[in-house]
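K.L.:
quick one, what's the 3D model for this:
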Amino acid sequence: MHETSIARILRRLFAGGLVLCAPPLLAQTSPPGLQPPPTPTTAPMQRVEITGSSIRRLAAETSLPITTIRASDFARQGLATAQEVLNAIPMNQSSEGSTAAVGSGTGGRATADLRGLGGDKTLVLLNGRRLANHPYFADSVDLNIIPVAALERVEVLRDGASAIYGTDAIGGVINFITKRSVEGAALAVEAYEPWANGGGHEQRINLSGGWGDLERDGLSMWGVIDWHQQSPLRATERSFSRTGIRPERGLFEVSGTTFPANFFSDNGISGNPYYPTCQQPDSVPLPDAPLCAFDYTRFVDNIPKTRQFSAMARLNKKFGEHTAGLEFVHGRSTNESQVAPPPLSGIGVIMSGDSPFYPGNGIVPAFPGLTGEPLDVSWRPLETGPRNNFDSSITDRLLASLEGTVAGWDYNAGISYSLGKAKSIFNGGYVIDQRIIEGVAAGILNPFGAQNAAGADYLNNSILSGEYLHARIHSAAIDARASRELLSLPGGPLGFAIGAEFRRDRAKYFVDRALASQASSSGYADASDQAGQRSIWALFSEVNVPIVKDLELNVAARYDHYSDVGGSFNPKVALRWQPTRQLLVRGSFNKGFRAPTLFDLYGPQATTNSSDTYNDPLLCPNGVPTPGANPNIACGQQQYVRQGGNPELSPERSRTHSVGVVFEPIQPLTISLDYWNIRLKDQISALAEQTLFANFEKYPNLFVYDPSGTTLLYVLAITDNLGEVKTRGLDLSVAYRLPRNRFGNFSVNLDGTYVNKYDYQNEPGGPFTENAGRYADATPVFRWRHNLLFTLSRGDWTFNLANRYMSHYLDQNTAVAPEFFNRVGHYSTWSIAATYTGNKKAELTAGIKNLFDEEPPFTNQVTNFQLGYDPRYTDPLGFTVYARVTYRF
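P.N.:
I've put the predicted structure just below:
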């Protein structure tokens, strides 16, 4: 979009009297000495439990490195989902969302990734307790099911917390905290409208209501329902993603399985009867062989069609010093994504010389050298349309809790049951392989041109549809904890907490082999049912010791025992020193532990197409086919990769230490700087396909060929313990608040994360790969990320200007193709918004995301199905107008 267009849009918006803004999104938890003392009229502060500690205390006493996001600011920042909320946190290196489901079978789940260690090492809680993980991979909660409309705030603990919460908390903890009570009712409607043509439109509506105040009435009940949807955005609807063919930039991602079909004959001739015309732009001629190549990127979704529905209800009842609660959470998420029509290659699609569609038999042009030999055909039937996959997931949790005070002890106990279900459905475009083989052999199907009436009818009857994968995960848990002040020391009261937890997890994976085996492109053609279960019990304790008035020591420890992988003891020690009111110093050391998930251990092993294209290292070394090898299969094509669980896995273990300082040189200015260092051993992951194909001489045993050695069956890339990860960096937070003046209240907030080092091993004892500031194997790690917020509050209006920034990095193929050296440019987007609260019944928010219509920077990455940019870190929508109206009644 040109600047003149943006200026015209802004004039149109401002002409109607609309002013744009929002209050700060991120509020850094301030240390106690840096907060102003309460005035004499301030009510007594309530004792609360802070994320990262089991000891209840006054909120103003804590100095944990916590980032807090207020739910009231979500809409004002244009953040429509829980995933978008977490993307606004710079220490969240990447996130897996709906875009990752395109071609990769993630089930459409959304995850967070604190410190870049993976979503499986970021613990997600709802009101301090676990939800069932998404059944696919079973390693993280699906953020799509979080009831956003029910939230009061989100607390992000930027430190390892295995000593408090157990496994999963190596990278940090994200605690979604809901409202305690709601009185009255409210209806909110919001919409997001990209200015450019195409899809990606979003709508949301939620209704909330409740009765009673717990302190006043002794009873409160409330509920909320929330619905959100987004329409699909096709790759061809954006110029930067509409093709995988940009040879001048080192990007030439095509497939030899194309339309019109390529062939390979028994006498070694390969070609295409319609070369060099092919069928552009979908199919293009290769420059060095009489073959056509398929630009499959033109058929994928940048953003798939998604819908989320969530509901939550809570009943609280006070009994003197005790409060009983009953809570139910339900979430459902659907994801409908598409990729190119099915690649029918290497499955035995053979055309005989007597077929009416054989080149030179009168319908299809002749090809030099062919004399009636059988042809091995590599074909995509465009008439069946793109492959469409429909994923849905449901999560339910029922929780009964009791909390209160007994004999000076603050206690909290709960019993819960969580169920997660997911399924995947062939929803269009998939075909039955055997019918295609038979149809071509019988001369019914024409792989080189348009079908006649008989061929079209045959294809329509060859469509494969139905549910091919279903998974369930059950989790039943009971937990209890208690805390109190044991005695008074010269520095203050000594706090003590103790607790226990028991959990029973079960997972089942059902594959419809009869259905999935009919389509080699399904990714589950050779998978089988799997199941696993485990019991976990844990004991934990915490002591907070005020050594002297300004020096505090916190010690925590937890023992977890898994019925299948054994036990682990994990301690944590933290120190806080506040020599003056303007200065606080803090530090911590902790050990972490993550057991392999049930999916890591028992997930179905399945063979699917690689996301990138490769040369077979034996049959097409350096892109040159060996005698007798079919170049349409062996050279520059998607290869088969076998992935899945591994029952031989060992747990991951980590050590984390941090040290930080918070100071207030002048009253309006607060600065915090925290150094963190994490070392992870026995990382649980799978080798990236890029690593395997680039290092055949290192991993020859993982390349599985048929007995004759003429066909690569698959490359083995199941989950394994790979080695170590070492990362370190700095978190910076700056908050500046001008004194109130005639213009209103003005503030500036900067939250940033700098990654100084991120190195990892692909096998125990192997060399370390540097990842910080460069694309290594399958992902980049940004050295610097920040969010910058300018806020002005004036009467009933709040105005906000926000900037989200990610630094540049060296691109994926820079090392292997230096002639195409590329430094992926930084990505910086600005948003502007306004909120009006002058009406008691209604609140209005309006704004613009990506104010200057910044396009994602070009990258030659081929890890994702979307090409030309990286959908994990950037937004393809561009300039987007949004509005939200809330009405209370």
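K.L.:
just checking, what's the longest strand in this structure?
P.N.:
If you go by DSSP state E, the chain has its longest strand at strand 466-489.
K.L.:
in that strand, what counts as buried?
P.N.:
Neighbour-count burial for strand 466-489 flags 467-475, 477, 479, 481-485 (criterion: 16 or more other CB atoms under 10 Å). Using the backbone N, CA and C atoms, a C-beta is placed for each residue, glycine as well.
K.L.:
what is the rounded mean pLDDT of whichever helix or strand comes after that strand?
P.N.:
On the C-terminal side of strand 466-489, the nearest following helix or strand under DSSP states H and E is strand 492-511. Averaging pLDDT along strand 492-511 gives 94.
K.L.:
residue boundaries of the helices in the chain?
P.N.:
Per DSSP state H, the chain carries helices over the ranges 3-15, 82-87, 162-165, 214-217, 433-441, 453-460, 513-516, 598-602, 631-634, 689-694.
K.L.:
just put those helices in CSV and tack on mean neighbour count.
P.N.:
As requested, the helices of the chain are arranged in CSV below (neighbours: other CB atoms under 10 Å):
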stretch, mean neighbour count
helix 3-15, 12
helix 82-87, 23
helix 162-165, 26
helix 214-217, 12
helix 433-441, 20
helix 453-460, 14
helix 513-516, 17
helix 598-602, 24
helix 631-634, 26
helix 689-694, 20
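K.L.:
run through the bridge partners of residue 532.
P.N.:
Taking DSSP bridges, one obtains residue 507 as the residues bridged to residue 532.
K.L.:
quick one: residues contacting it.
P.N.:
506, 507, 564, 598, 601, 602 (CB atoms under 8 Å, 6 or more residues apart in numbering).
K.L.:
and the pLDDT for it?
P.N.:
Model confidence at residue 532, given as pLDDT, is 90.
K.L.:
and residue 241, by the same measure?
P.N.:
96.
K.L.:
what's near enough to touch it?
P.N.:
235, 297, 302, 866, 867, 868, 869, 876.
K.L.:
for it, phi and psi?
P.N.:
phi -130, psi 10 (degrees, to the nearest 10).
K.L.:
and it, how far is that from residue 344?
P.N.:
Note on residue 241: its distance to residue 344, by CB to CB, to the nearest Å, is 26 Å.
K.L.:
one more: residue 806?
P.N.:
Look at residue 806 and residue 344: by CB to CB, they are 40 Å apart.
K.L.:
residue nearest the middle of the chain, spatially speaking?
P.N.:
With distances taken as CA atoms, centre = their mean, the residue of the chain nearest its centroid is residue 96 (1.6 Å).
K.L.:
beta-bridge partners for that one, please?
P.N.:
On the basis of DSSP bridges, residue 96 is bridged to residue 111.
K.L.:
what sits against it?
P.N.:
106, 109, 110, 111, 113, 119, 872.
K.L.:
most neighbours among these, which one?
P.N.:
Neighbour counts for those, by other CB atoms under 10 Å, peak at residue 110, which reaches 31 neighbours.
K.L.:
from what I can see it touches residue 82, true?
P.N.:
Yes: shown here, residue 110 and residue 82 form a contact pair, counting by CB atoms under 8 Å, at 7.1 Å.
K.L.:
skipping adjacent residues, who's closest to residue 750 in space?
P.N.:
Ranked by CB to CB, 6 or more residues apart in numbering and with sequence neighbours excluded, the top spatial neighbour of residue 750 is residue 734, at 4.3 Å.
K.L.:
would you mind measuring from the one you found to residue 583?
P.N.:
Residue 734 sits at a distance of 16 Å from residue 583 (criterion: CB to CB).
K.L.:
what bridges to residue 741?
P.N.:
Going by DSSP bridges, residue 741 is paired in beta bridges with residue 744.
K.L.:
about what we covered before: now render the contacts of residue 532 as JSON lines, adding distance to residue 426.
P.N.:
As requested, these are exported to JSON lines (distance: CB to CB, whole Å):
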{"residue": "506", "distance to residue 426": "27"}
{"residue": "507", "distance to residue 426": "23"}
{"residue": "564", "distance to residue 426": "34"}
{"residue": "598", "distance to residue 426": "26"}
{"residue": "601", "distance to residue 426": "27"}
{"residue": "602", "distance to residue 426": "24"}
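K.L.:
which intervals of the stretch 51-200 of the chain have sub-threshold pLDDT?
P.N.:
The model of the stretch 51-200 of the chain has pLDDT under 70 over residues 51-64, 95, 167.
K.L.:
just the chain next, same as before
P.N.:
Per-residue confidence for the chain (pLDDT under 70) gives these ranges: 1-64, 95, 167, 814-817.
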